[in-house]
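Enquirer: Next comes the sequence, and after it the predicted model I'd like to discuss.
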Amino acid sequence: MAEIRTEAANALNTARTVSATRLEGIRDRTKLDLVRSREGVQLELRDVTNYARRALSDAKTSSTALFREIAGQGPEKTLGRGFAIVRNAAGKPVTSKSNVKTGETLDIEFRDGHVATQAT
């Protein structure tokens, strides 16, 4: 009986030691995995930030180029293509029907001149 108790105690001590060692190994690997994951997240965040900055810069460049192109067209070229510019009595462009009141005097500019009219 004493021998069984001794062997059981030895087995229990061995199991405790092995369990503690394995638990420590798991903790070490978990810490290492956590550090690697944080580094990976930081790298991905840096990449996303750089991509967003680049996209904003490209959008700014594109919008500036489009604005220059539109400004370069000027109203004369637009009128030459068959469009007209409608202005109110103050000379401001009218861009919507909802901005015109019945009876209001309007000026319509064509490629070759102006026509005064009144909204009905």
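Expert: Here it is on my side, so go on.
Enquirer: The chain - how does it break down into domains?
Expert: According to automatic domain parsing, the chain is divided into the following domains: 1-74, 84-120.
Enquirer: I'd like the ones you listed written out as TSV, with mean neighbour count added.
Expert: Every C-beta, even on glycine, is put in place using the N, C-alpha and C of the backbone. As requested, the domains of the chain are exported to TSV (neighbours: other C-beta atoms under 10 Å):
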stretch	mean neighbour count
domain 1-74	10
domain 84-120	11
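Enquirer: Mean pLDDT added to the ones you listed, as CSV?
Expert: Formatted as CSV, those follow (pLDDT from 0 to 100):
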stretch, mean pLDDT
domain 1-74, 94
domain 84-120, 94
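Enquirer: which SSE is the spatially most central residue of the chain in?
Expert: The centre of the chain sits closest to residue 52, judged by C-alpha atoms, centre = their mean, with a distance of 6.7 Å. Residue 52 belongs to helix 2-80 when assigned by DSSP states H and E.
Enquirer: Give me the phi and psi angles of residue 97.
Expert: phi -60, psi -30 (degrees, to the nearest 10).
Enquirer: where's it relative to residue 88, distance?
Expert: 13 Å (C-beta to C-beta, to the nearest Å).
Enquirer: if we can go back for a sec, gap between the residue nearest to the centre of the chain and residue 58?
Expert: In terms of C-beta to C-beta, residue 52 sits 11 Å off from residue 58.
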